[in-house]
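Undergrad: Mind folding the following:
(2 chains)
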Amino acid sequence: GAVVSQHPSWVICKSGTSVKIECRSLDFQATTMFWYRQFPKQSLMLMATSNEGSKATYEQGVEKDKFLINHASLTLSTLTVTSAHPEDSSFYICSASNDREQFFGPGTRLTVL
Amino acid sequence: AQSVSQHNHHVILSEAASLELGCNYSYGGTVNLFWYVQYPGQHLQLLLKYFSGDPLVKGIKGFEAEFIKSKFSFNLRKPSVQWSDTAEYFCAVNRMDSSYKLIFGSGTRLLVRP
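TA: As a prediction, this is how the structure comes out:
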């Protein structure tokens, strides 16, 4: 299957700071990328759908001003958690789509102190 | 709203036992179906997928799943589990008319005792 990377794999930050997470499709061009959030022992919750060159589509209840998504190229999407708070601590996972199937990154564990 | 239900939240089996994990979805149109596995501390991996054709799908590591359209089900099976199958299993569905968004079930945590 295709390879998707995320960077960083884990990050610890202070409350009020912003954190950027990168998602890259390494061996194919992804017109669509997705961002998920996974709480401990829970399923993946879709946050937003990111299309190259256009604004992201956010799921209901997800604050677009807090979770900024930029899909700058067909191989890179970034998620910036702005003014992070402890409740934003979670496991963030991205996926890249080839229009039929999604390939998942390894995830980024964010801890906000 | 479209949903995906996994009935078993926790399953405990002994090695060599047979496994069946249930998955039902609520959308009436054409769907693609997936089972993913997440081993402890690792990322999601695709076990198998169904797009069309033979409703009995074989995946990696001896897993298989059967799509029964009339029951809106896509149950995962393995005839003989191993300790290394201890993981969390997620069923996921996407609608052919959506933007390939995946709807995930709540997951089933499988513990295989040696």
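Undergrad: Quick one: low-confidence residue ranges for chain B.
TA: For chain B, the stretches with pLDDT under 70 are B:1-2, B:97-99.
Undergrad: At which residues are the strands of it located?
TA: Along chain B, counting by DSSP state E, strands occupy B:4-5, B:10-14, B:19-21, B:24-25, B:31-38, B:45-50, B:56-58, B:64-68, B:73-78, B:87-95, B:103-104, B:108-113.
Undergrad: need the ones you listed in TSV with distance to chain A and mean neighbour count, can you?
TA: All C-beta atoms are positioned from the backbone trio N, CA, C, and that covers glycine. Rendered in TSV, the data for the strands of chain B read as follows (distance: least, C-beta to the nearest C-beta, whole Å; neighbours: other C-beta atoms under 10 Å in any protein chain shown):
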stretch	distance to chain A	mean neighbour count
strand B:4-5	9	18
strand B:10-14	10	13
strand B:19-21	14	19
strand B:24-25	14	19
strand B:31-38	7	22
strand B:45-50	6	18
strand B:56-58	13	14
strand B:64-68	15	18
strand B:73-78	15	21
strand B:87-95	6	23
strand B:103-104	5	21
strand B:108-113	8	16
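Undergrad: So which of those strands is nearest A:Trp10?
TA: strand B:31-38 (16.5 Å; C-beta to C-beta).
Undergrad: So which residues on chain A come close to chain B?
TA: Taking C-beta under 8 Å from any C-beta of the partner chain, the part of chain A that reaches chain B is made up of A:1, A:32, A:34, A:41-46, A:49, A:57, A:93, A:95, A:97, A:99-107.
Undergrad: Which residue, neighbours along the chain excluded, lies closest to A:Glu97?
TA: For residue A:97 the amino acid is Ser, not Glu. Leaving out its chain neighbours, the residue that sits closest to A:Ser97 by C-beta to C-beta, 6 or more residues apart in numbering or on different chains is A:Thr32, at 4.4 Å.
Undergrad: Tell me who's in contact with the one you found.
TA: For A:Thr32, the set of contacting residues under the criterion of C-beta atoms under 8 Å, 6 or more residues apart in numbering or on different chains consists of A:Thr49, A:Ser50, A:Asn51, A:Glu52, A:Ala96, A:Ser97, A:Asp99, B:Ser99, B:Tyr100.
Undergrad: how about 7 Å then?
TA: Under the criterion of C-beta atoms under 7 Å, 6 or more residues apart in numbering or on different chains, the contact partners of A:Thr32 comprise A:Thr49, A:Ser50, A:Asn51, A:Ser97, B:Ser99, B:Tyr100.
Undergrad: likewise A:Phe104?
TA: So A:Phe104 contacts A:Val4, A:Ile93, A:Ser95, B:His43, B:Leu44 (C-beta under 7 Å, 6+ apart).
Undergrad: wait, what's in contact with the third one?
TA: Right, the one you point to is A:Ser95. Contacts here follow C-beta under 7 Å, 6+ apart; on that basis A:Ser95 touches A:Val4, A:Met33, A:Phe34, A:Gln102, A:Phe103, A:Phe104, A:Gly105.
Undergrad: Can you read off the pLDDT for the last one?
TA: Which is A:Gly105. If you check A:Gly105, the pLDDT there is 93.
Undergrad: Equivalent analysis for the fourth one, please.
TA: Reported pLDDT at A:Gln102 in the predicted model: 87.
Undergrad: That one pairs with what?
TA: A:Gln102 forms beta bridges with A:Ser97, as assigned by DSSP bridges.
Undergrad: Okay then, goodbye and thanks.
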